[in-house]
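Q: Fold the following for me, if possible:
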Amino acid sequence: MRYNWQLPNWGEFVYDDSVLDSLCIEFALETGELKGLVNSLSSEIQKETIMQFMISEAIKTSEIEGEFFSRQDIMSSIKKNLGLDDGFGKIRNKNAQGVGKLMVVVRNSYADKLSQLSLKQWHYILMEYSRHINPGEYRIGEEPMQIVSGSYDKEIVHFEAPPSNQILFEMEKFIKWYNGFKVKTTDIKKALIKTSISHLYFESIHPFEDGNGRIGRAIAEKCLSESLNRPVLMSISSTIEQNKKKYYQSLKEAQRTLEITDWIFYFSNLILDSQKNAKQIILFTLNKSRFMDQFKNKMNERQTKAVLKMFEYGIAGFVGGMTTTKYISITKTSRATATRDLQNLTDNSILIPKGEGRSRSYDLNLSDKEISKI
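A: Presented below is the predicted three-dimensional model:
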């Protein structure tokens, strides 16, 4: 089995860009609609929307690699790195701090020229608190870097990256290719092609001991933002996570050839789907604003704090719903007061109860009927 980096003319990818013709039209429409939606938001809601995207990307890019962080830790890290830290909460997991910071750095530096130094800095930010990893440095050693699955005695090798002693040379080639691939801001097709190849190219080199997937997805976000000359609002990782098997299979197939039409079509569709999903997050944030405007005069300070906490969990929702015990923990009040507050929120159609007795919990009443009264 020969991999792409072992083939003659490695780095000179071949593809038929006509497969993107209709997709580019749809992407342009989606992007225009999304931009109009964002521009209609107040600056405060825009900031919150951007933060929701970074939180979503940070959580999902980690989950793809089997790391699961609390939304609270990720949110605290992002707020801290955006200069919005107001004693929001202590970050318990240092690795969550790293991935949260990376999201902010990648977004803020999308227009900067890509370099080996910047990628090493990203890796250092991401892996600073990881054990047994040399953060900010390429892998070393003679052991092959293999992507494997299966049990110890039945391992399947999906891909083997170039040996460590070739990494510096390969990364020099990659950076030269990336910066030499010029894209006009109006050329959507070229932007999608460069983004698709940049992710595949980097993942095939696999220069770091760990964190390559997360850095590779950050490169894709940076590349698309840089090509379109504005930071994109989407979470590629959230879309990948919906069908990881398809992502890994497409990547595996692309890493065995230099003819990558199928890969470019797959990854461009992935970006398009991410753009469509982005609309849902923006609409959720907008609905949150309308919801709070509608009900703010019907809630006391404790109730407002609890409802805002439920909204923090985004489209995924407040897992398990609000309970009396959770309400007490969030508001630091007595059980009697918590019970009374929750009943009042139900009477005012702010929360919807489900279950009985000790199993009773409450969800936000986000029905279109309620919101549309505004």
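Q: hey, where'd the helices end up in the stretch 101-250 of the chain?
A: 116-127, 167-180, 188-205, 212-228, 236-242, 244-254 (DSSP state H, counting those that start in this stretch).
Q: Please name the nearest non-neighbouring residue to the spatially most central residue of the chain.
A: Note on the chain: the residue nearest the mean C-alpha position is residue 57, at 1.4 Å, using C-alpha atoms, centre = their mean. Among residues not flanking residue 57 along the chain, residue 235 sits closest, at 4.2 Å (C-beta to C-beta, 6 or more residues apart in numbering). Just so you know, the C-beta spots here come from the backbone N, C-alpha and C atoms, and that holds for glycine as well.
Q: Please apply the same query to residue 21.
A: residue 189 (7.8 Å).
Q: Am I right that that neighbour is in contact with residue 27?
A: No. With contact defined as C-beta atoms under 8 Å, residue 189 does not count as touching residue 27 (9.1 Å).
Q: more neighbours, those two?
A: Using other C-beta atoms under 10 Å, the more surrounded residue of residue 189 and residue 27 is residue 27, with 21 against 18.
Q: Contacts only, for that one.
A: 188, 192, 268, 271, 272, 275 (C-beta atoms under 8 Å, 6 or more residues apart in numbering).
Q: Quick check: the second one vs residue 35, distance?
A: Spelled out, it's residue 192. The gap separating residue 192 from residue 35 is 17 Å, by C-beta to C-beta, to the nearest Å.
Q: Compare those two (neighbour count), which wins?
A: When residue 192 and residue 35 are compared for neighbours, residue 192 comes out ahead with 26 against 12, by other C-beta under 10 Å.
Q: Report the contact partners of that one.
A: So residue 192 contacts 20, 23, 24, 27, 224, 264, 267, 268, 271 (C-beta under 8 Å, 6+ apart).
Q: Quick check: buried residues in the helix or strand hosting the third one?
A: Assigning secondary structure by DSSP states H and E places residue 24 in helix 21-39. Residues of helix 21-39 classed as buried: 23, 24, 27, 30, 31, 34, 37, 38 (neighbour count, 16 or more other C-beta atoms under 10 Å).
Q: Which SSE is immediately downstream of it?
A: helix 43-64.
Q: rewinding a little: contacting residues for the residue nearest to the centre of the chain?
A: Taking C-beta under 8 Å, 6+ apart, we find residue 57 in contact with 103, 217, 221, 235, 236, 237, 238.
Q: mind giving me the domain ranges of this protein?
A: Listed by automatic domain parsing, the domain ranges of the chain are 4-283, 300-371.
Q: where among those domains is the average confidence lowest?
A: Within those, confidence is poorest for domain 300-371, with a mean of 87 (mean pLDDT).
Q: can you tell me which of the contacts of residue 192 lies nearest to residue 125?
A: Closest approach to residue 125 among these (C-beta to C-beta): residue 224, at 20.3 Å.
Q: Could I get the contacting residues of that closest one?
A: 191, 192, 195, 232, 271.
Q: any idea how far residue 258 is from residue 9?
A: In terms of C-beta to C-beta, residue 9 sits 6 Å off from residue 258.
Q: quick one, which of the two is more surrounded?
A: Shown here are residue 9 and residue 258; by other C-beta under 10 Å, residue 258 has more neighbours (16 against 8).
Q: Surely the more buried one touches residue 5?
A: No. Counting by C-beta under 8 Å, residue 5 is not a contact partner of residue 258; they are 9.9 Å apart.
Q: Within the helices and strands, which one has residue 363?
A: Counting by DSSP H and E, residue 363 is part of strand 361-364.
Q: helices or strands up against that strand?
A: Counting contacts by 3 or more C-beta pairs under 8 Å, 6 or more residues apart in numbering; DSSP states H and E, strand 361-364 packs against helix 301-311, helix 335-347, strand 351-354.
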